[in-house]
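Peer 1: pasting the sequence and the predicted coordinates here, then a few questions.
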Amino acid sequence: MRDDGHWRGLQRKILSRARGFLTALALLTSACLELPRPRDAAVLEPHSLRAPKLEVESTCTPTGVERCFDALDDNCNGIIDEGCGLQTGILQFTIAWSEGADVDLRVTGPDGVAAKAGEANDSGLVKDRDCKGTVDCHGQNVENVFLAEGWPRRGRYVVVVALDDARDVQLPMRVRLSARVGQRVLTALVTLAARRDEQTFEFSL
Ligand SMILES: [Ca+2]
Ligand SMILES: [Ca+2]
């Protein structure tokens with residue numbers, strides 16, 4: 001009798017764990033089904049591009065493995081500086097420069113408010129790197145803005161690269177700007193020639 005009771009207890013434990021496993025599997029499957037399909041990213045096409053003083057490139061030629069903090073999609077997988085501790089999303093805007101100047105990246109989405117660190121604006125954009133070109137940047141002069149979650153809002157996006165303080169850097173200086181929009185990465189070399197100089201890159205979704 002004692003063996004029968006022990007066996008029935010064991011059966012109940014096994015059935016309970018199996019039910020728990022199946023419930024977790026069902027939840028995971030339903031979560032996976034809600035993920036955006038890959039083709040959605042491919043159809044996210046920027047239009048009405050405006051960058052009066054920039055030569056914007058939209059073709060990518062792989063140059064090897066992804067290098068960190070150059071604001072380039074070196075391996076042409078559609079993501080800028082992945083694996084480097086930068087946040088990324090279906091929208092990502094990154095600048096990189098080598099000299100000790102203070103360069104600012106300002107990205108405004110359809111809500112008209114520039115993305116700031118710490119909290120997403122109404123367009124879902126967040127700044128996750130804010131570098132003033134000092135030792136605090138550890139020689140990795142990068143600023144990065146990304147879409148934290150959800151699908152990009154339709155409307156106008158304005159990206160401004162501005163020289164806030166040249167310090168002792170000889171001008172003009174060059175800053176690499178790249179923008180990930182879905183599976184496409186657009187890139188341009190920005191020249192800043194004077195204090196408060198800025199270049200603008202705009203597009204619509
Ligand atoms: Ca990449
Ligand atoms: Ca890179």
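Peer 2: Structure received. Model, not experiment: these values are computed from the prediction. Numbering: from 1, shown residues only. Ligands and ions are numbered 1, 2, ... in the order given.
Peer 1: and this structure, what are its domains?
Peer 2: 1-35, 43-204 (automatic domain parsing).
Peer 1: now the helices for this structure?
Peer 2: With helices called from DSSP state H, the chain shows them at 2-33, 38-42.
Peer 1: where among those helices is average confidence lowest?
Peer 2: Mean pLDDT is lowest for helix 38-42 out of the helices of the chain, coming in at a mean of 53.
Peer 1: can you get me a residue count around D122?
Peer 2: Neighbour count of D122, defined by other C-beta atoms under 10 Å: 11. Glycine gets a C-beta too; all of them are placed from N, C-alpha and C.
Peer 1: circling back: between the domains of the chain, which gets the lowest average pLDDT?
Peer 2: Of all the domains of the chain, domain 1-35 carries the lowest average pLDDT, namely a mean of 58.
Peer 1: and K132, what are its phi and psi?
Peer 2: phi -100, psi 10 (degrees, to the nearest 10).
Peer 1: the nearest residue to it once chain neighbours are set aside bridge partners, please.
Peer 2: Spatial nearest neighbour of K132, chain neighbours left out: D102 (4.6 Å); criterion: C-beta to C-beta, 6 or more residues apart in numbering. Going by DSSP bridges, D102 is paired in beta bridges with D165.
Peer 1: thought D102 was touching D168?
Peer 2: No - using C-beta atoms under 8 Å, D102 is not in contact with D168; the gap is 11.9 Å.
Peer 1: G89: neighbouring residues, count only.
Peer 2: 17.
Peer 1: so who does the residue nearest to K132 touch?
Peer 2: With contact set as C-beta atoms under 8 Å, 6 or more residues apart in numbering, D102 has these partners: 132-134, 163-165, 167.
Peer 1: need the residues of the protein near ligand 2, please.
Peer 2: 66-67, 70, 72, 74, 81 (C-beta under 5 Å from the ion).
Peer 1: restricted to buried residues, select those residues in ChimeraX.
Peer 2: Buried members of those, defined by 16 or more other C-beta atoms under 10 Å, are picked up in ChimeraX with:
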select :66,70,72,74,81
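Peer 1: which of the residues of the chain next to ligand 2 lies closest to R50?
Peer 2: L72 (22.4 Å; C-beta to C-beta).
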